[in-house]
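In: What would the 3D arrangement of this be:
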Amino acid sequence: MNWSYLGGTLLFAIIGYLFGSISNAIIISKFFKNEDVRNKESGNAGATNVLRNYGKKLGALVFTLDILKTIIPVFIAWSFREYSQISWMNGIMIQAIGLATVIGHIWPIYFQFKGGKGAASMLGFIIAMQWMIALIGVIVFLGIVFSTKKVSLGSIIAPGILLIFQIIFSFIPHLSDQWSIPMMNYYDWWINTIFFALIYIIVTIRHIPNIKKLLKGEERTINFKN
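Out: Residues are numbered from 1 along each chain as shown. Here you go, the predicted structure:
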């Protein structure tokens, strides 16, 4: 076993988790409103709950920061791997830091392990890995949300469609080359797909209460006019 490789991957995963634990929803709600958004309505520390309670501007700010929260550590890890000569800077390190960041967002160590549901951070992971694939997801997500006014529905369906794209492209190297950004190559596609699937499973599990409400027709809608 390559202990330096294992240790290096674990180190970057810890960094990703600590970075992901910075809950933008909680910080922004306390800074601008002197409240903890987790004490409002759904109790979720995410962009949707901020949007419902504090309006579009703060909701959009949290959503953007939660996306960047995953992109930034992934690109730091990638840059470090590309420009260093350290032997263990390879393999699944980049994907591991992305997964750990999403986990940190959902279970933040700084905020009693009570965070968001991970949808925006998951989008950040997809953007960092294949931004063109992510663009499809954003279009699908917005289409679902604006037509149904249910964010949870878009958060579940859109990444599921992207996961199907990932699996298909993993079998087609020519397409994967065209839909990749420079940091990726064909051999990374299966690794990306596996980690994306893990993240999607975690995020979907976090949305089980929303899924139950959707099935019962009780899921709340979003008012875009506030």
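In: element containing the residue lying closest to residue 138 once chain neighbours are set aside, please.
Out: Distances taken as C-beta to C-beta, 6 or more residues apart in numbering put residue 123 closest to residue 138, at 7.4 Å, once the chain neighbours are dropped. Any C-beta I mention is one placed from the backbone N, CA and C, and that applies to glycine too. Using DSSP states H and E, residue 123 falls within helix 119-129.
In: report the longest helix in the protein, please.
Out: Longest helix in the chain by number of residues (criterion: DSSP state H): helix 56-83.
In: Which elements pack onto that helix?
Out: helix 3-20, helix 24-33, helix 47-54, helix 93-106, helix 119-129 (3 or more C-beta pairs under 8 Å, 6 or more residues apart in numbering; DSSP states H and E).
In: Might you calculate how far it sits from the centre of the chain?
Out: With C-alpha atoms, centre = their mean, to the nearest Å as the basis, helix 56-83 stands 9 Å off its chain's centre.
In: what do you get for stretch 11-20?
Out: 14 Å.
In: Kindly report the same for stretch 71-85.
Out: 18 Å.
In: So which residues make contact with it?
Out: Outside stretch 71-85, the residues within contact range by C-beta atoms under 8 Å, 6 or more residues apart in numbering are 12, 15-16, 19-20, 89-90, 93-94, 97-98, 101, 124-125, 127-129, 183.
In: Would you show me how to pick out the buried ones of those residues in PyMOL?
Out: Restricted to buried positions by 16 or more other C-beta atoms under 10 Å, the PyMOL selection for these reads:
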select buried, resi 12+15+16+19+20+89+93+94+97+98+101+124+125+127+128+129+183
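In: For residue 220, give me phi and psi.
Out: Main-chain dihedrals, residue 220, degrees, to the nearest 10: phi -70, psi 150.
In: distance of it from residue 118?
Out: For residue 220, the distance to residue 118 equals 19 Å [C-beta to C-beta, to the nearest Å].
In: Those two: which is more packed in?
Out: Per other C-beta atoms under 10 Å, whichever of residue 220 and residue 118 has more neighbours is residue 118, with 30 against 15.
In: what's near enough to touch that one?
Out: Residues in contact with residue 118 (C-beta under 8 Å, 6+ apart) are 102, 105-106, 199, 202-203, 206.
In: and what of residue 97?
Out: Applying C-beta under 8 Å, 6+ apart, one finds that residue 97 lies in contact with 12-13, 15-16, 73-74, 77.
In: Can you tell me which of those is nearest residue 67?
Out: Taking C-beta to C-beta as the measure, residue 74 is the one of the contacts of residue 97 closest to residue 67, at 11.3 Å.
In: Buried residues, stretch 16-25. List them.
Out: By neighbour count on 16+ other C-beta under 10 Å, the buried set for stretch 16-25 is 16-25.
In: returning to that earlier point: what's the helix holding residue 123 packed up against?
Out: Helix 119-129 sits against helix 56-83, helix 93-106, helix 131-148, helix 151-170, helix 186-206, with contacts defined as 3+ C-beta pairs under 8 Å, 6+ apart.
In: quick one: buried residues of the third one?
Out: When you say that, I think you mean helix 131-148. For helix 131-148, burial by neighbour count (16+ other C-beta under 10 Å) applies to 133-134, 136-138, 140-141, 144-145, 148.
In: What of the longest one?
Out: Using 16+ other C-beta under 10 Å as the test for burial, helix 56-83 gives 58-59, 61-63, 65-67, 69-74, 76-78, 81.
In: All set, thanks.
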